[in-house]
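*Asks:* Following is a predicted model, sequence given first.
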Amino acid sequence: MIRTWLFYLVAFPSTLFFSSLGAVCGLVRARPSAFDWIHRNWARSLLWGAGVRLEVQGLEHSVPGRGQIIVANHESMFDIWALMSAVPASLRFVAKEELSKIPVFAAACRAAGHVFIDRRRAAAAGDAMRAAGERMKEEGLTLVLFAEGTRSPDGELRPFRKGAFAIAIETQTFLVPVAIDGTAGILPTGGKRVHPGTVRIRLAEGTSLEGKTSADRDELVRDSQGAVARMLGELRGTGPSGQPTG
């Protein structure tokens with residue numbers, strides 16, 4: 001319980017401070033590196049408050065300054081902060097439209113290049129994603145997509161949705177599968193109590209999307225989900241099917 005109180009005591013002022021700083025950076029048109037510094041220090045303050053330790057493998061597969069898309073599984077809000085803290089790239093995320101109504105925070109997110117989408121309006125969501133893809137290529141950003149579409153309630157990998165990969169193909173950049181394990185136990189879906197623990201992240205080798213078309217989408221979905229499932233199995237000491245190895 002003490003750790004939960006500490007987390008929230010850190011989270012609220014930290015989020016307000018770094019959101020305000022991000023909004024100011026937006027007004028002066030700061031470089032992407034300024035937002036990267038804000039993201040990384042905001043995330044690290046929250047991880048510290050929650051008592052989270054990171055173990056990261058495969059960082060050589062994320063190339064800073066290269067336009068790329070990370071496709072990852074999604075267990076908890078802590079996935080976002082873990083990636084921001086651990087991956088040395090200009091990460092930008094896709095967020096639900098409801099978050100765009102939070103004062104200051106939303107302004108900071110838009111200035112940095114994060115994307116708000118309303119899944120009920122497919123055409124508008126597609127336009128927003130395409131605009132994000134163009135900005136990603138121009139500024140060398142890394143767009144993070146949680147391909148399951150929502151957080152997994154039990155930490156088990158859900159089927160990847162095809163829509164994310166259609167947008168990925170349009171960017172003609174690189175696709176990097178990433179597995180995240182441990183965040184479900186730190187802040188379970190729907191819960192408010194924080195439990196200290198270790199988060200493990202593993203990145204796989206990226207796939208060039210240059211020359212890929214919609215005809216390649218199903219193969220990309222299958223290969224990416226297979227890579228994430230395999231890495232999760234290795235991180236957890238189980239096979240992709242969940243059976244213990246060795």
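*Replies:* Yep, it's here.
*Asks:* hmm, which helix or strand of this protein has the shakiest average pLDDT?
*Replies:* Every helix and strand of the chain was ranked by mean pLDDT, DSSP states H and E. The lowest is helix 122-139, at a mean of 72.
*Asks:* Beyond it, next helix or strand please.
*Replies:* For helix 122-139, the succeeding helix or strand toward the C-terminus, using DSSP states H and E, is strand 142-146.
*Asks:* First-to-last residue distance for stretch 63-79?
*Replies:* Using CA to CA, to the nearest Å, one end of stretch 63-79 lies 20 Å from the other.
*Asks:* which of the residues in it are buried?
*Replies:* 63, 66-76, 78-79 (16 or more other CB atoms under 10 Å). Where C-beta positions appear, they are placed from N, C-alpha and C, glycine not excepted.
*Asks:* Could you single out the nearest of those to residue 9?
*Replies:* residue 78 (17.0 Å; CB to CB).
*Asks:* now the host helix or strand of residue 17: mean pLDDT?
*Replies:* For residue 17, the host element (DSSP H and E) is helix 2-27. When pLDDT is averaged along helix 2-27, the result is 94.
*Asks:* Tell me the helices and strands packed up against that helix.
*Replies:* helix 32-50, helix 105-112 (3 or more CB pairs under 8 Å, 6 or more residues apart in numbering; DSSP states H and E).
*Asks:* Distance from that helix to the middle of the chain?
*Replies:* 18 Å (CA atoms, centre = their mean, to the nearest Å).
*Asks:* Can you lay out the buried residues of stretch 63-79 as JSON lines showing secondary structure and pLDDT?
*Replies:* Listed next are the buried residues of stretch 63-79 as JSON lines, based on DSSP: H, G, I helix; E, B strand; the rest coil; pLDDT from 0 to 100:
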{"residue": "63", "secondary structure": "coil", "pLDDT": "82"}
{"residue": "66", "secondary structure": "coil", "pLDDT": "81"}
{"residue": "67", "secondary structure": "coil", "pLDDT": "83"}
{"residue": "68", "secondary structure": "strand", "pLDDT": "89"}
{"residue": "69", "secondary structure": "strand", "pLDDT": "91"}
{"residue": "70", "secondary structure": "strand", "pLDDT": "93"}
{"residue": "71", "secondary structure": "strand", "pLDDT": "94"}
{"residue": "72", "secondary structure": "strand", "pLDDT": "95"}
{"residue": "73", "secondary structure": "coil", "pLDDT": "95"}
{"residue": "74", "secondary structure": "coil", "pLDDT": "93"}
{"residue": "75", "secondary structure": "coil", "pLDDT": "91"}
{"residue": "76", "secondary structure": "coil", "pLDDT": "91"}
{"residue": "78", "secondary structure": "helix", "pLDDT": "95"}
{"residue": "79", "secondary structure": "helix", "pLDDT": "95"}
